[in-house]
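> With the sequence up front, the predicted model follows.
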Amino acid sequence: MATIRDVALRSGVSIGTVSNVLNNRTELVTVENQERVLKAVRDLGYRPRAVTRGDAGQQSSTIGVVIQSIGRHPLRDNAYLNLVLDGIISEASTRKFAVTILVEENIQDVRTHIRERLDGRCEGLILLGSAANLRIAEGLWERGIPFVQVGVYAMHDDSVSVDSDNVAGVRRGVEHLISLGHRRIAFLGDECISFSNERYRGYELALLGAGIEPDPAWHFPAYAGKECGELAADWWTEFPQESRPTAVQALADLNAIGFIERVQERGYCVPRDVSVIGFDDIPIAEYLTPALTTLRQPMTEIGRTAVEQLFQCIGGRKGQLRTLFQPELIIRGTTAAPPTHLESEPMEAPLS
């Protein structure tokens, strides 16, 4: 395993200079030397050993999980985060490691944040969900610090990530709607979110495979919250009856729940007037009335696998670079054949 001395020799600078770069004292080092040190770190696979505060001789037994705070309560209403964290904590516990949860609100100086996060507290990090974590990933990658990304695009071709196959999952859900006879199918999702883009691609592939041209008017920009589902329901009711989508593929279960509750408040019936599919299969999904048809992703297993992969990286070994779990279509009560009074086009193309 490479040492700080090896990095200094490789980059042609002193050990003190290497230490300054790795500890973000960049005002003491020229830009040219910073680049040389970081290149040597990457080339050698050097990783600073984490130590417990106050005891430089003892290795930390902690891993960190970075999430982004959206609103005042980042975990309260987010079943996805909670279940993935449950898997992370469970697997880390079996390995006798503690878990530190690091909540980021607005990442301005990523290098300072990396120093604070890895200064003797964590052997490695799991970056959970947010696109902002990609900026942390870049800084970690530069310094050879172990990390695993969950629920976002991998930072580099050799980065380790764990996720569900969003494209295949949504494609499966939309194909189910098409098989029931739906031709006008809406998608709730935001192009600023990486996993939403993947899910939209699955939606698009399913439609094209059935000879249906995706209509931009059927796409409502939505985050994964319940409120966005409610707004989408308002948007849906504004369509003229003859062109209103007869089915909705939601970005997440919370979208679907907000959508269903709002349209029911307005006097519509699910699935008689509109079919709805979620994504996640959060615990409440099966207890709704009607119970939610959704795409189940194994969130707890994703968390466990992220820890397994992180420990591979901590040990200096690369595990599987991209682990993808296949979502399972769970058919319940929110999907049915389209209403004849709304569906104006007959099925014209066979499913591919």
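In hand now; what should we look at?
> And the helices in the stretch 251-352 of the chain?
253-265, 299-314 (DSSP state H, counting those that start in this stretch).
> which of those helices is buried the deepest?
The highest average neighbour count among these, using mean count of other Cβ atoms under 10 Å, belongs to helix 253-265 at a mean of 23. Placement of C-beta: from N, CA and C, glycine included.
> The residue nearest the centre of the chain and Leu127: what is the separation?
By Cα atoms, centre = their mean, the chain has its centre lying nearest to Gly151, at 2.2 Å. According to Cβ to Cβ, to the nearest Å, Gly151 stands 9 Å off from Leu127.
> so what sits against both of these two?
Shared contacts of Gly151 and Leu127, defined by Cβ atoms under 8 Å, 6 or more residues apart in numbering, are absent.
> Which stretches in the protein count as strands?
51-52, 55-59, 62-68, 98-104, 125-128, 147-150, 160-164, 185-188, 219-220, 247-249, 275-277, 294-296, 322-325, 328-330 (DSSP state E).
> Quick one: mean pLDDT over the last one.
Same thing as strand 328-330. Taken as a whole, strand 328-330 carries a mean pLDDT of 98.
> what does it rub up against?
Residues outside strand 328-330 that contact it (Cβ under 8 Å, 6+ apart) are 172-173, 176, 281, 285, 293-296.
> Dump those residues to TSV, plus distance to Gly139 and neighbour count.
Converted to TSV, the contacts of strand 328-330 look like this (distance: Cβ to Cβ, whole Å; neighbours: other Cβ atoms under 10 Å):
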residue	distance to Gly139	neighbour count
Arg172	37	18
Gly173	36	29
His176	42	20
Asp281	34	24
Ala285	37	22
Thr293	41	25
Thr294	36	29
Leu295	33	29
Arg296	34	20
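> Need the max-distance pair from these.
Farthest-apart pair in the contacts of strand 328-330 is Arg172 and Ala285; separation 16.4 Å (Cβ to Cβ).
> And the helices of the stretch 251-352 of the chain, which one averages the lowest pLDDT?
Across these, the lowest-scoring stretch is helix 299-314, with a mean of 92.
> residues in contact with that one?
63, 79-80, 83-92, 95, 123-126, 146-148, 150-151, 160, 162-164, 280, 318-320, 323, 325.
> what angle do that helix and strand 160-164 make?
Counting by axes from the mean of the first three to the mean of the last three Cα atoms, to 10 degrees, helix 299-314 lies at 170 degrees to strand 160-164.
> show me where pLDDT drops low in the stretch 1-150 of the chain?
1, 47-60, 69-77, 104-120, 130-135 (pLDDT under 70).
> same thing with the stretch 151-300 of the chain?
Those would be 153-158, if you go by pLDDT under 70 across the stretch 151-300 of the chain.
> I'd like to know how far the closest residue to Leu38 other than its chain neighbours sits from Arg244.
Among residues not flanking Leu38 along the chain, Glu142 sits closest, at 5.0 Å (Cβ to Cβ, 6 or more residues apart in numbering). Per Cβ to Cβ, Glu142 is found 50 Å from Arg244.
> Arg332: which of the helices of the stretch 251-352 of the chain is closest?
helix 253-265 (11.1 Å).
> Mind giving me the ChimeraX select for the contacts of helix 299-314, buried ones only?
The buried residues among the contacts of helix 299-314 can be selected in ChimeraX (16 or more other Cβ atoms under 10 Å) with this line:
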select :63,79,80,83,84,85,87,88,89,91,92,123,124,125,126,146,147,148,150,151,160,162,163,164,280,319,323,325
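> List the residues that contact the closest residue to Phe239 other than its chain neighbours.
Spatial nearest neighbour of Phe239, chain neighbours left out: Pro245 (7.0 Å); criterion: Cβ to Cβ, 6+ apart. Counting by Cβ under 8 Å, 6+ apart, Pro245 makes contact with 184-186, 218, 236, 239, 274.
> Same check on Gly64?
Taking Cβ under 8 Å, 6+ apart, we find Gly64 in contact with 99-102, 117-118, 121-122, 124-126.
> By neighbour count, which of those wins?
Neighbour counts for these (other Cβ atoms under 10 Å) peak at Ile126, which has 30 neighbours.
> could you measure that one against Pro271, distance?
Applying Cβ to Cβ to Ile126 and Pro271 gives a distance of 38 Å.
> Kindly report the same for Thr94.
42 Å.
> ok, now Ser159?
41 Å.
> and what of Cys228?
From Cys228 to Pro271 the distance is 21 Å (Cβ to Cβ).
> Number of residues surrounding Pro339?
17.
> scratch that, Glu227 is what I was asking about
Glu227: 14 neighbours (other Cβ under 10 Å).
> quick one: the closest residue to it other than its chain neighbours and Leu102, what's the gap?
Spatially, and ignoring its direct neighbours in sequence, Glu227 is nearest to Gly258 (6.2 Å; Cβ to Cβ, 6+ apart). Gly258 sits 29 Å away from Leu102, going by Cβ to Cβ.
> nearest residue to Ile101 other than its sequence neighbours?
Val65 (5.2 Å).
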